[in-house]
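Chemist: Here is a sequence together with a model predicted from it:
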Amino acid sequence: MANIKITTFNCENLYGRYRFLDKPWNERPDGYERLIQVSGVISLKRGRKGAIEPKKITEKQRKSTAEAILATLPDILVVQEIENIQTLRLFNCKYCNDYFDRIILLDGNDPRGIDVGVLIKRDFDAEILNIRTHADEALGGKTLKSSSRLNTKSTAEAIFSRDCLEVDIKIDGKTITLLVNHFKAQDGKPSSTKKRQEQSKKVKEIAARAINEGKMPIVLGDLNIDIKQKNYDGSLNEIYNYEKLDDPFKNKPEDELWSHYYSSDNKVSRLDYILVDKKLNVISTDFFRNGLTPDCKQYTGTRLESMKGNDLEASDHCPTSVIIDL
């Protein structure tokens, strides 16, 4: 088996169509229920004012998102902030030239419709063995009382803000278990810190179970906090310090260890992680930054061809990759 490239990428609201759901009910645009249906391509202006951009803007921006993915050349891609599986299939077909032939996405707990998913390169020799969701798991070992993803009273009790999508994949006779995550965002609230702590603890339990079953887990996704930031709250300690997993990025220079640009503060940080079973041999790591907005002066390299003449970045996150020698 040749080397395998695994990439995680937060696509930043792939089609942008749900951002207005962050707003209070009385500030949402008229007819918003119709806008959350997959009925073409629209986009909202940067920020959260809710204004709708022309279709051509979204076309350009999605081309940049696709170009970032295709330039990365992943064998396996995991994504965050995807509206639904129909959206992902449309994006793969229209913008990625059907680069992927296996696409997995299950509805999670976020009422804004930002889910996590897995895509496998066309004709890549891998067999999907099992798919498991942990979206219905609640605190205290309980199960959510309601399976409705729009019942925020119910989903507030869920461990995972979106899901921990667990996918077993057989490659060259070995089974790796992807644990795809998008942890609770930082908002300064103690409840959010506690939520990330619970998520970290639960992912560690799932990873440990996979190891006990003879599988090799890889925890990856947007974990939504930088363990090196000054006000780090320890919320990732359970999973990051798990002795059976390794962070293959840990030896990168500190000024290179970042994956996200926050435009409001003009700051970069590491929000995206790939933690691998220590039995796996990681031979290289990479942050692909060519799709970041030109406003991000921390990156001085070239930008994507599709971004020439505009500032329509691929995402505010960088595709983050490891190459593994099985």
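Modeler: Nice, thanks for sending it over. Residues are numbered from 1 along each chain as shown.
Chemist: When you work out contacts or count neighbours from here on, use the C-alpha atoms and nothing else.
Modeler: Will do.
Chemist: Go ahead and name everything in contact with the helix or strand where Lys60 lies.
Modeler: For Lys60, the element it lies in under DSSP states H and E is helix 55-72. Here helix 55-72 makes contact (CA atoms under 8 Å, 6 or more residues apart in numbering) with 11, 14-15, 41-43, 95-96, 99, 288, 290-291, 304, 306-307, 312-315, 319.
Chemist: so of the residues you listed, which ones are in helices?
Modeler: Using DSSP state H, the subset of the contacts of helix 55-72 located in helices is empty.
Chemist: what's the following helix or strand after the helix holding Lys60?
Modeler: strand 76-82.
Chemist: Now do the helices in the stretch 201-326 of the chain.
Modeler: Secondary structure of the stretch 201-326 of the chain (DSSP state H, counting those that start in this stretch): helices located at 237-240.
Chemist: Quick check: which ranges of it have low pLDDT?
Modeler: The stretch 201-326 of the chain contains residues with pLDDT under 70 at 311.
Chemist: Contacts only, for Gln197.
Modeler: The neighbours of Gln197, taking CA under 8 Å, 6+ apart as the test, are 234-238.
Chemist: out of those residues, who's nearest His260?
Modeler: Leu236 (17.3 Å; CA to CA).
Chemist: Is it correct that the closest one is in contact with Val203?
Modeler: No: at 10.2 Å, Leu236 and Val203 do not qualify as touching, with contact defined as CA atoms under 8 Å.
Chemist: which stretches of the stretch 51-200 of the chain form strands?
Modeler: 52-53, 76-82, 100-105, 115-121, 127-132, 164-171, 174-182 (DSSP state E, counting those that start in this stretch).
Chemist: mean pLDDT for those: which is lowest?
Modeler: Ranked by mean pLDDT, those bottom out at strand 52-53, with a mean of 58.
Chemist: just to revisit the earlier point, going by neighbour count, which residues in the helix holding Lys60 are buried?
Modeler: For helix 55-72, burial by neighbour count (16 or more other CA atoms under 10 Å) applies to 57-69, 72.
Chemist: Please apply the same query to stretch 199-211.
Modeler: 199-204, 206-208, 210-211.
Chemist: and the two most separated of these?
Modeler: It's Gln199 and Ile211 that sit farthest apart of the buried residues of stretch 199-211, by CA to CA, at 18.4 Å.
Chemist: Would you mind listing the outside residues contacting stretch 199-209?
Modeler: So stretch 199-209 is contacted by 159-160, 164, 179, 183, 217-219, 235-239, 242, 244 (CA under 8 Å, 6+ apart).
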